[in-house]
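In: need a structure here:
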Amino acid sequence: MFENLTERLGKTLKDITGRGRLTEDNIKDTLREVRMALLEADVALPVVKEFINQVKERAVGTEVTKSLNPGQVFIKIVRDQLVEVMGQANEKLDLAAQPPAVVLMAGLQGAGKTTSVGKLSRFLKEREKKKVLVVSADVYRPAAIKQLETLASEVGVEFFPSTVDQKPQDIARNALDYARKHFFDVLIVDTAGRLHVDADMMTEIKELHQFIKPIETLFVVDAMTGQDAANTAKAFNEALPLTGVVLTKADGDARGGAALSVRNITGKPIKFLGMGEKLDALEPFHPDRVASRILGMGDVLSLIEEVERKVDKEKAQKLAKKVQKGQGFDLQDFKEQLEQMRNMGGMMSMLDKLPGMGKMTDQIKDKANDKSFNQMEAIINSMTPAERARPDIIKGSRKRRIAAGSGTQIQDVNRLLKQFMQMQKMMKKMSGGGMKKMLRGMKGMMPPGGPGGMFPGGR
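Out: Residues are numbered from 1 along each chain as shown. Coordinates of the predicted model:
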């Protein structure tokens with residue numbers, strides 16, 4: 001997300017960073033470029049105008065003139081203004097109600113509403129430790145009820161059955177009674193996708209809202225519709241008292257206009273971003289972290305939280321002890337490291353959160369793609385336990401068998417073995433001589449142009 005905006009702003013702001021002083025003239029040129037970058041990112045025009053005016057007002061004021069490094073202060077002003085536009089801080093779900101706290105999900109057809117119910121129920125169960133019940137009041141699409149039942153079973157929350165011949169209000173009433181009797185903390189109600197121009201459907205959801213009085217009414221919208229996402233959210237907000245927005249398919253939106261427009265146009269906070277198809281791909285929306293990512297400063301806090309949540313600590317400790325004792329790092333360990341990386345959303349998801357990685361060359365991005373990781377895993381899976389434990393025995397005929405078994409070429413097997421040897425050397429340095437040696441080893445593995453040597457395809 002935001003790739004285009006990050007690239008464009010990166011070039012624009014780089015020019016101003018080194019300026020000894022800022023004048024109205026050189027700020028004007030930079031702001032023109034920033035304005036174009038935001039418009040190209042499909043940010044709504046009123047939002048762009050207000051953004052530029054606010055930045056200009058602050059930049060030409062005292063903040064910059066008194067600074068030792070005006071260029072850097074200007075970037076800080078742009079970042080602060082991005083945060084301001086997107087809503088200052090993350091706004092959590094308000095679940096402080098007499099249980100069950102009811103969450104109503106509304107949105108257009110095809111926005112990813114039912115999948116978002118699955119993701120949100122998993123989020124509440126795993127991270128907030130809530131007992132969650134889900135129900136579908138979508139009586140127009142029989143597949144929606146079945147889809148929600150399947151998702152509920154996948155994430156391990158309870159599904160309340162409903163049928164297409166029931167009325168949405170009756171479904172909600174029955175689910176609410178069941179949730180109260182069985183002490184559920186949260187009830188999430190999925191509704192039929194509707195068009196804001198469909199008066200009957202809008203009346204139906206208004207009546208459902210009045211009946212169940214949800215503490216949270218979340219509008220689910222597809223980020224890839226750009227500023228249209230903000231306009232549809234506004235139309236829904238006029239019909240329903242929305243409390244927040246879930247922006248889906250944000251990983252496929254290279255522009256990011258929706259994220260920058262929704263808060264300003266609707267006055268409602270973005271509470272979550274859907275960042276992929278997997279059921280754990282739902283991130284709380286932190287405006288400050290997103291602003292840093294847009295400006296290529298990375299999002300290390302989110303990365304740390306992800307590591308804490310998704311890395312298997314027992315396996316990590318076992319490997320650390322093994323390395324400390326000077327026992328060999330073998331291909332089975334290497335495979336487990338690849339699996340841990342995949343659990344964290346893959347290499348590109350991790351790189352995206354590291355400072356400066358937005359400016360990576362395409363060559364390095366190609367080397368760091370997840371397809372290469374899958375290939376490496378397939379090669380290791382084609383090896384016998386003895387070969388994984390002692391890679392030095394893998395010679396000609398074994399290489400041919402492994403390549404055939406994994407659907408790869410012999411040179412792919414050679415490349416993996418070479419990278420494994422580099423990793424093994426680095427692990428030996430860690431066990432024998434501390435961090436300095438390891439960093440020197442890593443530096444030696446990096447090819448000209450970036451961190452590709454440690455990544456698949458690195459030479």
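
In: what's the local residue count around the nearest residue to residue 164 once chain neighbours are set aside?
Out: What sits nearest to residue 164 in space, not counting adjacent residues and going by CB to CB, 6 or more residues apart in numbering, is residue 139, at 4.8 Å. Any C-beta I mention is one placed from the backbone N, CA and C, and that applies to glycine too. The tally of other residues near residue 139 (other CB atoms under 10 Å) stands at 20.

In: which residues does residue 139 contact?
Out: When contacts are counted by CB atoms under 8 Å, 6 or more residues apart in numbering, residue 139 is found next to 162, 163, 164, 165, 166, 167, 168, 171, 192.

In: could you count how many residues lie near the fifth one?
Out: By the measure other CB under 10 Å, the count of residues near residue 166 is 14.

In: next one: phi and psi at it?
Out: phi -90, psi 160 (degrees, to the nearest 10).

In: and the pLDDT at residue 355?
Out: Looking at residue 355, its pLDDT stands at 50.

In: could you do residue 320 as well?
Out: Value for residue 320, per-residue pLDDT: 60.

In: ditto for the one 4 residues further on
Out: Residue 324 is assigned 54 on the pLDDT scale.

In: for the chain, what helix or strand is lowest in average pLDDT?
Out: Within the chain, no helix or strand scores below helix 362-367, which has a mean of 50 by mean pLDDT, DSSP states H and E.

In: quick check, residue 245 in a strand?
Out: Yes - applying DSSP: H, G, I helix; E, B strand; the rest coil, one finds residue 245 inside a strand.

In: tally of neighbours for it?
Out: Applying other CB under 10 Å, we find 29 residues neighbouring residue 245.

In: who's in contact with it?
Out: Contacts here follow CB under 8 Å, 6+ apart; on that basis residue 245 touches 218, 219, 220, 221, 233, 262, 266, 268, 269, 270, 271.

In: ditto for residue 218
Out: Applying CB under 8 Å, 6+ apart to residue 218 gives the contacts 103, 104, 105, 106, 120, 242, 243, 244, 245, 246, 271.

In: try 6 Å
Out: When contacts are counted by CB atoms under 6 Å, 6 or more residues apart in numbering, residue 218 touches 105, 244, 246.

In: try residue 383
Out: The neighbours of residue 383, taking CB under 6 Å, 6+ apart as the test, are residue 402.

In: that one in helix, strand or coil?
Out: coil.

In: how much space between it and residue 81?
Out: According to CB to CB, to the nearest Å, residue 383 and residue 81 sit 54 Å apart.

In: confidence score at residue 88?
Out: In this prediction, residue 88 carries a pLDDT score of 74.

In: which ones are touching the nearest residue to it once chain neighbours are set aside?
Out: Setting aside the residues directly before and after it, residue 88 is nearest to residue 287 in space (CB to CB, 6+ apart), at 6.1 Å. Going by CB under 6 Å, 6+ apart, residue 287 touches 83, 86, 87.

In: so which of these belong to helices?
Out: 83, 86 (DSSP state H).

In: let me know the closest of the contacts of residue 287 to residue 46.
Out: Nearest to residue 46 among the contacts of residue 287, counting by CB to CB, is residue 86 at 15.1 Å.

In: gap between that closest one and residue 257?
Out: 12 Å.

In: the two: which is more packed in?
Out: Set residue 86 next to residue 257 and count neighbours by other CB under 10 Å: residue 257 wins out with 28 against 23.

In: helix, strand, or coil at the nearest residue in space to the more buried one that is not next to it in sequence?
Out: Distances taken as CB to CB, 6+ apart put residue 42 closest to residue 257, at 3.0 Å, once the chain neighbours are dropped. Under three-state DSSP, the three-state class of residue 42 is coil.

In: would you mind confirming that residue 42 makes contact with residue 258?
Out: No - in this structure, residue 42 is not within contact of residue 258 by CB atoms under 6 Å, at 7.5 Å.

In: so for the two, which residue has more residues nearby?
Out: Taking other CB under 10 Å, residue 42 and residue 258 do not tie; residue 258 has more neighbours (31 against 23).

In: once you drop chain neighbours, what's closest to the more buried one?
Out: Leaving out its chain neighbours, the residue that sits closest to residue 258 by CB to CB, 6+ apart is residue 229, at 3.8 Å.

In: tally of neighbours for that neighbour?
Out: 30.

In: got it, and residue 142?
Out: Residue 142 is flanked by 12 other residues according to other CB under 10 Å.

In: contacts only, for it.
Out: Residue 142 sits next to residue 164 when contact means CB under 6 Å, 6+ apart.

In: rewinding a little: format the contacts of residue 245 as TSV; extra columns: secondary structure.
Out: Output for the contacts of residue 245, formatted as TSV (three-state DSSP):
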residue	secondary structure
218	strand
219	strand
220	strand
221	strand
233	helix
262	helix
266	helix
268	coil
269	coil
270	strand
271	strand
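
In: now distance to residue 147 too, for those, in CSV please.
Out: As requested, the contacts of residue 245 are exported to CSV (distance: CB to CB, whole Å):
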residue, distance to residue 147
218, 18
219, 20
220, 14
221, 19
233, 24
262, 26
266, 27
268, 26
269, 27
270, 24
271, 22
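
In: dump those residues to CSV, plus pLDDT and distance to residue 187.
Out: As requested, these are exported to CSV (pLDDT from 0 to 100; distance: CB to CB, whole Å):
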residue, pLDDT, distance to residue 187
218, 90, 13
219, 87, 18
220, 88, 17
221, 83, 22
233, 79, 23
262, 78, 26
266, 79, 25
268, 84, 21
269, 86, 22
270, 86, 23
271, 88, 18
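
In: all strands of the chain, in order?
Out: 101-107, 132-136, 158-160, 186-190, 216-222, 244-248, 270-274, 282-284 (DSSP state E).

In: distance to residue 176 for those strands - can I get that in JSON lines?
Out: Converted to JSON lines, the strands of the chain look like this (distance: least, CB to CB, whole Å):
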{"stretch": "strand 101-107", "distance to residue 176": "7"}
{"stretch": "strand 132-136", "distance to residue 176": "9"}
{"stretch": "strand 158-160", "distance to residue 176": "9"}
{"stretch": "strand 186-190", "distance to residue 176": "6"}
{"stretch": "strand 216-222", "distance to residue 176": "15"}
{"stretch": "strand 244-248", "distance to residue 176": "21"}
{"stretch": "strand 270-274", "distance to residue 176": "23"}
{"stretch": "strand 282-284", "distance to residue 176": "24"}
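
In: nearest to residue 148, of the ones you listed?
Out: Nearest of these to residue 148, taken as CB to CB: strand 132-136 at 4.5 Å.

In: direction included, what does the closest one pair up with?
Out: Strand pairing for strand 132-136, using DSSP bridges, gives strand 158-160 (parallel), strand 186-190 (parallel).

In: mind checking which of these is nearest residue 54?
Out: Closest among the strands paired with strand 132-136, using CB to CB: strand 186-190, at 37.1 Å.

In: care to break this structure down by domain?
Out: 3-86, 101-285, 303-454 (automatic domain parsing).

In: distance of the closest residue to residue 393 other than its chain neighbours from residue 381?
Out: Of all residues beyond its chain neighbours, the one nearest residue 393 is residue 387 (6.3 Å), with distances taken as CB to CB, 6+ apart. Note on residue 387: its distance to residue 381, by CB to CB, is 11 Å.
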